[in-house]
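Chemist: only geometry, no sequence info:
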Ligand SMILES: [Ca+2]
């Protein structure tokens, strides 16, 4: 009798949900219960938050994004080795952007872009990439002057046993017509200097410019994804087999459908060498999806819609900053987790949340979508995600602290916890559709 009552209750609930027209998205609000959530910056100045997890410690970095003043463009590093967060200022002399962090055990490496605005012949941010080692030693990475817009100056640093690998997108002149290429540089730990930054690919892909590369290391290879903006932005992937003279690059391949607008890719490699890629399918600002594919042995799986079903459970974003859903991905063992920002049509406010969805079987099946930021009335943007050896998920993002200017006044929020959650009513409802 009890089972019958529950079934009847479900039926009534489904009928009600269908009548209200919200059955497609109501499940998106499952609350993630992190073990800890903390505001790391607490000053409304954090932008372009980066995260890395080391052995028994963790680090978060950002640049100071304020309207004006001496601290504008400072780079801040927050570290926690188990006794709480402490912050230090890494640079104060020039405008810094796009920090990227990578641990090797307990040694923390950091790369960022540092420069200034140039107005001739066109307005662009120009400067160099820099590296900072654990002990505080700083060295310049690039000899060439690179230019771009600060919004996409996001270098990606990866650390292998034998050295550091860096990927970024940049132009070599300040004009808007200059080609914007995908660059790669390498520093073996046996050397104090970086290799010359080389163009990974240009003519092979064809028209367009490189935006937002991401990189991952695995089994002697570096794997890179990026957004190639031509008529329709497309997600591309390339792998390089690392040798003494640098990587030998394979031919680049497109991962997103040619008639679909693919943006903001993120990549991770698991312990079995399987490559996991997530990106945004951009229909318009009010309809976007997080898509996922796994690559292994030269073959890619079918595209999966991680953020919700096509045409039904779509994501929206604000029209000011950054106007696109922003995925991040991490792996550990057989677990894969993807985080993104956006809001669903049933959100009580038109403000972004950070969502998290994890797979326990290497990306074949996926658990429920979890709301990790749980701040429906505040903008939560630009998630970064990492996973430790115990399968614990670590997240950081920018959280808006109020006001009318959506470009400044953000704090860096950090949260961690296991992605396990009991499956309850809203998920069951999906099966009745
Ligand atoms: Ca929020």
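Modeler: Structure's in. What do you need? Just so you know, these numbers come straight off a predicted model, no measurement behind them.

Chemist: In this structure, which residue is most central in space?
Modeler: Geometric centre of the chain, nearest residue: residue 328, 3.4 Å, by CA atoms, centre = their mean.

Chemist: so what's it up against?
Modeler: Residue 328 is in contact with 266, 278, 338-340, 383-385, counting by CB atoms under 8 Å, 6 or more residues apart in numbering. C-beta: built from backbone N, CA, C; applies to glycine.

Chemist: out of these, which one sits closest to the ion?
Modeler: Distance to the ion across those (CB to the ion) is lowest for residue 383, with 11.0 Å.

Chemist: The closest residue to residue 195 other than its chain neighbours: how many residues sit nearby?
Modeler: Spatially, and ignoring its direct neighbours in sequence, residue 195 is nearest to residue 186 (4.7 Å; CB to CB, 6 or more residues apart in numbering). Neighbours of residue 186 under the rule other CB atoms under 10 Å: 20.

Chemist: So what sits opposite residue 186 in the bridge?
Modeler: Counting by DSSP bridges, residue 186 is bridged to residue 165.

Chemist: Could you double-check that it sits in contact with residue 166?
Modeler: Yes. Counting by CB atoms under 8 Å, residue 186 does reach residue 166; the two are 7.3 Å apart.

Chemist: from the contacts of residue 328, which ones fall inside helices?
Modeler: Among these, no residue falls in helices (DSSP state H).

Chemist: could these go into JSON lines alongside distance to the ion and neighbour count?
Modeler: Below are the contacts of residue 328 laid out as JSON lines (distance: CB to the ion, whole Å; neighbours: other CB atoms under 10 Å):
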{"residue": "266", "distance to the ion": "20", "neighbour count": "27"}
{"residue": "278", "distance to the ion": "20", "neighbour count": "29"}
{"residue": "338", "distance to the ion": "18", "neighbour count": "29"}
{"residue": "339", "distance to the ion": "13", "neighbour count": "28"}
{"residue": "340", "distance to the ion": "13", "neighbour count": "31"}
{"residue": "383", "distance to the ion": "11", "neighbour count": "27"}
{"residue": "384", "distance to the ion": "16", "neighbour count": "25"}
{"residue": "385", "distance to the ion": "16", "neighbour count": "25"}
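
Chemist: Which of those fall within strands?
Modeler: Among the contacts of residue 328, the members falling in strands (DSSP state E) are 266, 278, 338-340, 383-385.

Chemist: Widest-spaced pair of those residues?
Modeler: Put simply, by CB to CB the two of the ones in strands among the contacts of residue 328 set farthest apart are 278 and 384, 12.9 Å from each other.

Chemist: Return the residues of the protein in contact with the ion.
Modeler: By CB under 5 Å from the ion, the residues of the chain that approach the ion are 353, 373, 375, 378, 380.

Chemist: cutoff 6 Å now
Modeler: Residues of the chain lying close to the ion (CB under 6 Å from the ion) are 351-353, 373, 375-376, 378, 380.

Chemist: all strands for the stretch 1-150 of the chain, in order.
Modeler: Secondary structure of the stretch 1-150 of the chain (DSSP state E, counting those that start in this stretch): strands at 36-39, 46-54, 57-64, 75-80, 86-91, 95-104, 107-118, 124-132, 138-140, 146-148.

Chemist: out of those, which comes closest to residue 222?
Modeler: Across the strands of the stretch 1-150 of the chain, closest to residue 222 is strand 95-104 (CB to CB), at 12.9 Å.

Chemist: Okay, angle between the closest one and strand 124-132 too, please.
Modeler: Counting by axes from the mean of the first three to the mean of the last three CA atoms, to 10 degrees, strand 95-104 points 30 degrees away from the direction of strand 124-132.

Chemist: List the strands paired with strand 95-104, with their directions.
Modeler: strand 107-118 (antiparallel).

Chemist: can you tell me which of the strands of the stretch 1-150 of the chain the model trusts least?
Modeler: Least confidently modelled of these is strand 146-148, at a mean of 88 by mean pLDDT.

Chemist: Give me the residues contacting that one.
Modeler: Contacts for strand 146-148 (CB under 8 Å, 6+ apart): 113, 115, 118, 124-129, 168-174, 178, 180, 183.

Chemist: so what's residue 208 up against?
Modeler: Contacts of residue 208 by CB under 8 Å, 6+ apart are 228-231, 233-234.

Chemist: give me the number of residues near the residue lying closest to it once chain neighbours are set aside?
Modeler: Excluding the flanking residues, the one nearest residue 208 by CB to CB, 6+ apart is residue 230, at 3.2 Å. Using other CB under 10 Å, the number of residues around residue 230 comes to 11.

Chemist: what does residue 106 give?
Modeler: 11.

Chemist: One more: residue 167?
Modeler: Other residues lying near residue 167 total 26 when counted by other CB under 10 Å.

Chemist: same thing with residue 35?
Modeler: Count around residue 35 with other CB under 10 Å applied: 10.

Chemist: my guess is it meets residue 416, correct?
Modeler: Yes. With contact taken as CB under 8 Å, residue 35 and residue 416 are classed as touching, separated by 5.8 Å.
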